[in-house]
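Participant: Here is a sequence with its predicted model. Questions after.
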Amino acid sequence: MSPSDNGVSRRRFLQGSGAALGGLVLSTWLPGFIPHSVAAEVTAAGRLGDQAPRGYGAYVRVGHDGLVTVISPKIEMGQGAHTGIAMMVAEELEVPLSSVSVEDAPPDSDLYADSLMQFQATGGSTSTRHSWQPLREAGATARLLLIQAAAARWGVDAAQCEAREGVVHGPAGQQLPYGELVDAASALPLPESVVLKTPEQFRLLGTPAPRLDTPNKVNGKAQFTIDLQVPGMLVASTLTCPVYGGKLKAVDASAARQVPGVRDVVTLENAVAVTATNYWACQQGLQALTVEWELGEHAGIDSEQLDAALHSASSKDGVVAHSSGDIDAALSGAASTFEAVYEQPFLSHSPLEPMTCVAQVRADACELWVGTQVPAFAQQTAAAVSGLPLQRVQVHNQLIGGAFGRRLDFDFITQAVAIAKQVDYPIKLIWSREEDMTHDMYRPHYVDRLTAAIDAEGKLQGWQHRIAGASVLARYIGSLPESGVDSDAVEVAIDPIYALDSLQVNYIREEPKAIPVSWWRGVGPLRSTLALECFIDELAHKAGKDPVDYRLALMGQHPRAQAVLKLAAEKADWQTPLLAGQGRGIAVSAVFGSFVATVVELEVQADKGVRIKRLVSAIDCGLVTNPTSVLAQIEGGTLFGLSASLFNEITLEQGQVQQSNFHNYRQLRINEAPGVEVHIVPSSEDPGGVGETGTALIGPALLNALAAASGERLRRLPLSRAGYFPVKGA
Amino acid sequence: MHSSKTLFGGLALAALSLHVQADDQALIERGKYLAAAADCVACHTVPGGEPFAGGVEFKLPFGSLYSPNITPDQQTGIGDWSDAEFLSALHEGVGKDGKRYYPAFPYTSYTLMPDDEVQAIKAYLFSLEPVSNTVPENTLSFPYNQRWGMFFWNLVFHNNERFEPDPSQSEAWNRGAYLVEGPGHCGECHTPRNFAQALSSSQPLAGNLVQGWQAYNISSDPAHGIGAWSPAELVSYLGKGYAPGKGVASGPMGDVVSHSLRHLSDDDLSAIATYLLTTEPQSEGVKRPDPVSASAEPVSDAGLGGQLFAGACAGCHSWDGSGTQSPVATLSGLKTVNDPAGTNLLNILLRGHTAPELRVDQQMPNFAKAYQDAELAAVGSFVLQHFGQTGASLSADDVAARRGNTGH
Amino acid sequence: MIQLSVNGTQHQLDVPDDMPLLWVVRDVLGLTGTKFGCGIAQCGACTVHLDGEAVRSCVLPVSAAAGRAVTTIEAVGQSALGAQVQQAWLDHEVVQCGYCQSGQIMSATALLQRQPAPSDAEIDAGMAGNLCRCATYTRIRAAIRDVDAGGAA
């Protein structure tokens, strides 16, 4: 159900007492999840008073200076979320974009919980999708109140007034800026309903407005967590047990303490930390330690063992996540069946800013300064580790130097608090790149086993899809629901865009134990999309059909998906013949509320050099807030996925992650990166997510293109595993 | 004749040393320095293992040798060795119970060390904690497993003689000669070996392929050896592992600097330089390239090799090979970029240079895991052609062959 | 004591000779615009200028920078070319998370200083040492192409 289905008239606002707060404050909450009473309690119970002007629950505030502040539960990770949010408010509130600023919300799960992810989080391409309705309504409500306040002042009918550029204009040419109206507006009763603009009326939404957060990111002024300075702070860095689950046994720190700049050596259950006046001294100190580990039960685990266990699991039945039609009958009655097994490796996130957190633990309070996708969890873990009540923990959220899902976890925050608890000064924990890469929470290794039933005419009857792998959802929320199905893992797979008479999806949970797993950009739909889009491509080739035509014939229920598939094919000159050794591959999916298709055209050399000649995407992501952000997210997301598809795989030897830095966990460089052509389908549907769609499509499009060009049908990423490497040039 | 003389000397010293062995800290310190100069730890320590506990494998064409445990452990080490036995081992290659060593153990060099220096090393080794470690048996095939054969080998190739200074040379020269030919046993790697695995007396220090690495010609020849190096450059190379534009110690030589040479005094390093610059020039092996005056501008049309160099290499090594980043990273003028086989070049690409005591600008990550053979061949070829003068190319097969052979 | 010139200011610093310039700049001088990404010169986030040339400060011992002019992202905009590059970055909406962009801008400025009108291949060669995990490469190329360095240099 999309947010707009809730209806505009639904009351989702609370009005703050303007005088006390210095402005007109409207709070709102996300659709269908937060009880009205909670928001009311929070807003009314004086929590706004002592937190003013940055009040809990206040989404939109118009100040006496006419400037607008939006408190956003969605953080800025580079995806342009804050700019999009500001645009939504500015559009309906009728103020220039330049007068809107966005602040991060403080942690408060009750108020900011995300209806999809069920906790305060930024991820899953939810930022635009979930803010769209309530933020515009908040803006429109504020505008209405301000107009009513002006109309009352002038003694005219509100219907005769209009708002433009932060000013209310009356019928006789009167003008009052918003700042002068906020107190009066605050005293007015909330309107029963507001009417939102139609897309044709937008003046701001849909335009390529400049990002709000970028100017300070080009001059060195933007401060990420790693850049913060808190009075009295020292830098801390850690050496964590190289095997997951292992413990610290003994440490000789005598030499480390002699390193100039080193202050303390702090031991934790599974790590040792050195604090010092600078990061370099920390590293020197860590190097001078003699550490003994209790490596624990995972120390004997190699990747080969994990692979074998997963492969064997993929033939089991697990639990049925979805069943329509009768797959058993279809398979047993099929003229032929076709089985293929697709594999996607463990992956590290490796954002360029390594895990870092500033923490101070005092007797009566704990403060965190950290870029996190989950501030509420950060607060909870800090409370648990420090032993302080939740309300004594303050989290100051920060800009994030890349996350890709990594900062949905808070292991490094827990560690920072545990160190800070043992010293009497604030610490800035900075993980080395090596710590970061070897102690990530990894995208799981998955095996998808698909078996299709094909009738005598060569028509596809349906398929059975077995999905085997670790459950991120279970690790993250503690357990799976009673059904035993990981809803993230089976997303897309249980609802493919292809019409199938029978479909069964089995979910087989197989935990590797020796390696922790987590969300990675594209999450479950990325995995399913790769399996489905490679499989359908293989089926098309088996049927002797063009991969585009074959798909289109099965996509009757999904006109938007059909449209992007056609558009991508057309823009990529799908029908134009290629030379030997060249090929095109295509993939299409309905993911994160958007529809995307990607075409890769490439050439394969005899030495397995792969030259990507063109990369074309078409996207229908509904109503576009900011086309520049959409383009940038598809371009970047596609190349992000390309990088992993070409190069990346995390492996274990003796329980230890073998990849440690960018020399052995390689990343795509600019001179290996093809251009990305993106075509946006105009649409007035509700906005869909864009941050993860490009990433989800490139893998299958690449594998399909490779098969078309070389005849080698790879079913396991990355390409480097099979000896392929990128080459550049036309 | 030789052996009886030594036996006598050995016994005399053994008696004497009973007095001093007790706690002569000065002797132990001297022994520690000499053990460093002789780089005992390199061959007697497995990576990550206890120092001097032995077990390092030496792969020879006819089987494997394993270095013994030389900690003072009574059962598995040399704890029950007398001074005479120790002396006999270092001077004659004959160990306790009369076992003859293979010349992987450089007694043909150590023999130049005077008795008191040998005993100082023993004193140092005996001051260490005993480590119980039984090393594997050698796996040499017949006839090489016949240790008595070494008796005849020694007759032909071994002179049991101490170092004799040359009065016509300076004190520094003589000190250098002693260190190079004696404890430093430089020739063991840098002098080619003959049919019987003995060092070639006709081509001293003319270079050799050791453990898959080029141990370059270090004679005084300016083109093939180190004749064009200044004494200061030699001292920097020996003591720190780099001489910008001349050489960077990596692979086994990096280990020698790390274990041995960096612990020597500047005077001793200067002495080594003085001696090396006067050795007989040998025009063998890889020739030093003329330093290129390449442009500092990125090369954008050099194909795959240039593409990879731009991404992973240029940051430190820079396009003109000058090491804008740091002189240590200078590629221009290095023999490694002029060896058409790319031996050390590929080795360093595959193995990196990561010893923790190195300065940040001396370290290099290894690129073995994330890059294909064809890619490493391409970047290797680019480096050879851009910075060297041989015009050589490397193939993916060259890289594959190197992959199995990048360390000891 | 090391004499270090950073952004035109002379500093007398009591730091170890082999401390990388990156940490001197960030942790001693408090100029945090220069970022840490890998510590092994593979990502370029730490790029600064040394006498106008782009270098990786994470593997540059501070002693090697003594007596040379260090310029960081905080001051690169003081040159006409640096300011033009920064503006091009905004005009082309290059930035996503922004963490690598200090290094990108430093590399781009050094590149344009040498080659005022680089071809795409020259841009690629000059910028290949700078990783961007958000993969903003297509926009970086466009922004550099758009700088009229002939006018600024």
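Facilitator: Looks like it arrived, so ask away. Numbering: from 1, shown residues only, chains lettered A, B, ... in the order given.

Participant: Next one: B:T278 from C:S79, what distance?
Facilitator: Note on B:T278: its distance to C:S79, by Cβ to Cβ, to the nearest Å, is 53 Å. The way it works is simple: take the backbone N, C-alpha and C, and place the C-beta from them, glycine included.

Participant: what about the spatially most central residue of chain C, helix or strand, and which?
Facilitator: The centre of chain C sits closest to C:M106, judged by Cα atoms, centre = their mean, with a distance of 2.6 Å. Per DSSP states H and E, C:M106 falls inside helix C:101-114.

Participant: roughly how far out does that helix sit from the chain middle?
Facilitator: Chain-centre distance of helix C:101-114: 6 Å, with Cα atoms, centre = their mean, to the nearest Å.

Participant: Could you pull up phi and psi at A:W463?
Facilitator: Phi and psi for A:W463, reported as degrees, to the nearest 10, are phi -150, psi 160.

Participant: What's the local residue count around it?
Facilitator: Neighbour count for A:W463, taken as other Cβ atoms under 10 Å in any protein chain shown: 28.

Participant: how near is the closest residue to it other than its chain neighbours to A:A330?
Facilitator: Ranked by Cβ to Cβ, 6 or more residues apart in numbering or on different chains and with sequence neighbours excluded, the top spatial neighbour of A:W463 is A:A452, at 4.2 Å. According to Cβ to Cβ, A:A452 and A:A330 sit 9 Å apart.

Participant: between those two, what contacts are shared?
Facilitator: Residues touching both A:A452 and A:A330 (Cβ atoms under 8 Å, 6 or more residues apart in numbering or on different chains): A:461-462.

Participant: tell me the domain ranges of chain A?
Facilitator: A:3-215, A:225-296+A:355-430, A:304-345+A:443-727 (automatic domain parsing).

Participant: residues contacting the residue nearest to B:G352 when sequence neighbours are not counted?
Facilitator: Nearest residue to B:G352 in three dimensions, chain neighbours excluded: B:N366, at 3.1 Å (Cβ to Cβ, 6+ apart). For B:N366, the contacting residues are A:663-664, B:349-352, B:354, by Cβ under 8 Å, 6+ apart.

Participant: what about the closest residue to A:M233 other than its chain neighbours, neighbour count?
Facilitator: Leaving aside its chain neighbours, A:M233 sits nearest to A:P426 (4.3 Å; criterion: Cβ to Cβ, 6+ apart). With neighbours defined by other Cβ under 10 Å, the count for A:P426 comes to 23.

Participant: Check what pLDDT A:P426 gets.
Facilitator: On pLDDT, A:P426 comes in at 98.

Participant: if I look at it, how far off is chain C?
Facilitator: A:P426 sits 15 Å away from chain C, going by Cβ to the nearest Cβ, to the nearest Å.

Participant: What pLDDT is listed against the residue of chain A at minimum distance from chain C?
Facilitator: Among the residues of chain A, A:G220 lies closest to chain C, at 2.1 Å counting by Cβ to the nearest Cβ. The confidence metric pLDDT takes the value 95 at A:G220.

Participant: what are the phi and psi values for it?
Facilitator: Reported as degrees, to the nearest 10, the phi and psi values for A:G220 are phi 80, psi 0.

Participant: check contacts around it.
Facilitator: The contact partners of A:G220, taken as Cβ under 8 Å, 6+ apart, are C:31-34, C:72-74, C:102.

Participant: Was I right to think A:L188 contacts A:A150?
Facilitator: No: assessed by Cβ atoms under 8 Å, A:L188 is found out of contact with A:A150, at 11.0 Å.

Participant: which one of those two has more residues nearby?
Facilitator: The neighbour count for A:L188 versus A:A150, taken as other Cβ under 10 Å, is higher for A:A150 (27 against 17).

Participant: which helices and strands sit right next to the strand or helix carrying that one?
Facilitator: Using DSSP H and E, A:A150 falls within helix A:127-154. Helices and strands touching helix A:127-154, by 3 or more Cβ pairs under 8 Å, 6 or more residues apart in numbering or on different chains; DSSP states H and E, are strand A:23-27, strand A:60-63, helix A:81-93, strand A:162-164, strand A:167-169, helix A:182-187.

Participant: quick check: mean pLDDT across the fifth one?
Facilitator: If you average the pLDDT over strand A:167-169, you get 97.

Participant: Quick check: buried residues in the helix or strand following that strand?
Facilitator: Following strand A:167-169 in sequence order, the next helix or strand is strand A:175-177 (DSSP H and E). Using 16 or more other Cβ atoms under 10 Å in any protein chain shown as the test for burial, strand A:175-177 gives A:L176.

Participant: Low-confidence bits of the chain, can you list those?
Facilitator: I'll assume chain A. A:1-22, A:27-59, A:73-79, A:105-131, A:729-730 (pLDDT under 70).

Participant: To clarify, I was referring to chain C.
Facilitator: Applying pLDDT under 70 to chain C flags residues C:149-153.

Participant: where along it do the strands fall?
Facilitator: Under the criterion DSSP state E, strands of chain C are mapped to C:2-6, C:9-13, C:47-50, C:53-56, C:69-71.

Participant: Just give me how far the helix or strand that contains A:T337 sits from the chain centre.
Facilitator: Here A:T337 sits within strand A:336-344, counting by DSSP H and E. On the basis of Cα atoms, centre = their mean, strand A:336-344 sits 29 Å off its chain's mean C-alpha point.

Participant: cool, and stretch A:506-517?
Facilitator: Per Cα atoms, centre = their mean, the centroid offset for stretch A:506-517 relative to its chain is 21 Å.

Participant: Tabulate the strands of chain C (a markdown table), appending mean neighbour count and distance to A:N671.
Facilitator: As requested, those are exported to a markdown table (neighbours: other Cβ atoms under 10 Å in any protein chain shown; distance: least, Cβ to Cβ, whole Å):
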| stretch | mean neighbour count | distance to A:N671 |
| --- | --- | --- |
| strand C:2-6 | 18 | 30 |
| strand C:9-13 | 11 | 35 |
| strand C:47-50 | 26 | 16 |
| strand C:53-56 | 26 | 15 |
| strand C:69-71 | 22 | 25 |
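
Participant: For A:S528, find the nearest of the ones you listed.
Facilitator: Closest approach to A:S528 among the strands of chain C (Cβ to Cβ): strand C:47-50, 39.2 Å.

Participant: In contact with the closest residue to the residue of chain A closest to chain C other than its chain neighbours: list those residues for me.
Facilitator: Nearest residue to A:G220 in three dimensions, chain neighbours excluded: C:G33, at 2.1 Å (Cβ to Cβ, 6+ apart). Contacts for C:G33 (Cβ under 8 Å, 6+ apart) come out as A:219-221, A:227, C:72-74, C:102.
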